[in-house]
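Student: turn this into a model:
(chains A and B)
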Amino acid sequence: MFFILLKKELYNEFRSRELILSMLVFGLSIILAYAFTSDVSRVIVANYAPGMFWAMILFVTVLGVHRSFSYEKEMDAFSMLIAAPIDRGLIYLSKCISGFIFLTVMEIIVVMPFFKFLLIDFPPNPLMAVGTALLINLAIMAVASLISGIAMRARLSEVLLPVLMFPLVSPVIIAATKISGGIMAGDPYQLWQIWLLIIGSIIVIFGLVGYTLFDFITEE
Amino acid sequence: MAGLLLFNVWNIVTNTPMVPDQHWAQKIFYVHVPSAWVGFLSYLVVMIAGIMFFIKGDDKWDDVGLAAAEIGTLFMALVLITGPIWATPIWGKPWIWEPRLTTTLILFLIYIGYFMMRSFGGHIERIRRYAAAVGIIAFVDVPIIFVSVQFWAPEIQSHPQVEMAQQPSGILNPFLLSLGIFTILYVLMMRYRIHVIRIINKGVENV
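Tutor: You can find the predicted model right below:
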């Protein structure tokens, strides 16, 4: 059942491309804003780059998850979805994994302009940067999908989503910045492994909480 | 209750020893820490009420959750006010991203979102469920937030009074008394607030 739900999300996106496209354009606009507002020495920008990158991803995620749930509102598709005899926790997991895929695709496209426009050097160990970024994306989506599941059917969901999500996701953002900062500086793994542990525990805890709570949240 | 609170203030002012390098500033500790204790206790109650609401489906638990969220946020605001007042003479700055205060701030912001959702989120039946969920998620997030904030700025020291057990009895006893009085105050406030919320709900139902 999970794969059917995931397939639905991916098909939907593959046909319209509105989610990735809007995330992508928004991401590029943020990079442009960064370029104009960070007219400082290259060393400062390079040190600040991990924070800038994950702040951008945070903003883009809000747009992405909001869109991902709000198209369910059109023609009341979500009511039909929860009327289906399926485990509702799987809806959360499918939203989480599809969001993770979209976010990763968006990052792959946006990462080159980010480094090139802001004149930042690539990290010394790109493979490690990619691997950790995947985990971070999953952690962000585990939190964001749960919050948007709560906020999206409330009134003013576009306001409530970032207001509730940003403080809750703050441990992920701290960890992400520390991990990427460590990789960019070429620090040994031991110096930032604790942050990977935090990211891992967020994925597990929010995955379980989201899976369990989604059943209650979506009750009618 | 008012008598107890006045006695507490009198006890703190007159019966506690001066800490040499902090002088009067340290007195705020007897209000700051009990406020934090009541705040976190209250948010724990919000989580328990949320879980019970989901299990039993009874609106009574939502009243408990709402009352605890309101009172918890009030005490968290007190922590966020008294913390910088204490920090200014001790650390020279009102805010240095001390892990506990930062955790309090993040929780406070989550609960601002909680109240925004409750006040303009839409249909009350739905909002009750969403509020219960946010209450659970917020408290589950507390240890993660605390650990990450602590490792984020390890050079920042924790509160001056970390090891309560090692404090002399001159400090420990008035502190425990203050803690007890704050807890009694919390229980009374909860009972009163739940009562008021139920009267308001009844009024809404009768209209």
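
Student: okay, and the helix or strand of chain A with the least pLDDT?
Tutor: The helix or strand of chain A with the lowest confidence, counting by mean pLDDT, DSSP states H and E, is helix A:77-83 at a mean of 79.

Student: can you check chain B too?
Tutor: Every helix and strand of chain B was ranked by mean pLDDT, DSSP H and E. The lowest is helix B:2-15, at a mean of 78.

Student: spatially central residue for chain B, please.
Tutor: Centroid check for chain B by C-alpha atoms, centre = their mean gives residue B:39 as the closest residue, at 1.2 Å.

Student: show me the contacts for it.
Tutor: Residues near residue B:39 by C-beta atoms under 8 Å, 6 or more residues apart in numbering or on different chains: B:72, B:73, B:75, B:76, B:78, B:79, B:104. Where you see a C-beta, it was placed from the backbone N, CA and C, and this is true even at glycine.

Student: now the host helix or strand of it, how far from the centre of its chain.
Tutor: In the assignment (DSSP states H and E), residue B:39 maps to helix B:29-56. Centroid displacement of helix B:29-56 relative to its chain, using C-alpha atoms, centre = their mean, to the nearest Å, is 7 Å.

Student: tell me the angle whichever helix or strand comes after that helix makes with helix B:29-56.
Tutor: Sequence order places helix B:59-91 as the next helix or strand after helix B:29-56, per DSSP H and E. Counting by axes from the mean of the first three to the mean of the last three C-alpha atoms, to 10 degrees, helix B:59-91 lies at 150 degrees to helix B:29-56.

Student: if we go by neighbour counts, what in helix B:59-91 is buried?
Tutor: Within helix B:59-91, the residues that qualify as buried are B:61-73, B:75-76, B:78-80, B:82-83, B:86-87, counting by 16 or more other C-beta atoms under 10 Å in any protein chain shown.

Student: hmm, it in reach of chain A?
Tutor: No. Shown here: helix B:59-91 not in contact with chain A (C-beta under 8 Å from any C-beta of the partner chain), separated by at least 12.4 Å.

Student: A helix includes residue B:122, no?
Tutor: No. The assignment for residue B:122 (DSSP: H, G, I helix; E, B strand; the rest coil) gives coil, which keeps it out of a helix.

Student: what about it, distance to residue A:160?
Tutor: Using C-beta to C-beta, to the nearest Å, one obtains 10 Å as the distance from residue B:122 to residue A:160.

Student: higher neighbour count, those two?
Tutor: Ranked by neighbour count (other C-beta atoms under 10 Å in any protein chain shown), residue B:122 and residue A:160 place residue A:160 first, with 24 against 14.

Student: surely that one is in a helix?
Tutor: Yes. Under three-state DSSP, residue A:160 falls within a helix.

Student: burial of residue A:206, as a residue count?
Tutor: Neighbour number of residue A:206 under other C-beta under 10 Å is 30.

Student: wait, isn't it in contact with residue A:140?
Tutor: No. Assessed by C-beta atoms under 8 Å, residue A:206 is found out of contact with residue A:140, at 9.9 Å.

Student: and the helix ranked longest in chain A, what other elements does it pack with?
Tutor: If you go by DSSP state H, chain A has its longest helix at helix A:42-73. Judged by 3 or more C-beta pairs under 8 Å, 6 or more residues apart in numbering or on different chains; DSSP states H and E, helix A:42-73 is in contact with helix A:18-37, helix A:77-83, helix A:88-117, helix A:126-151, helix A:157-184.
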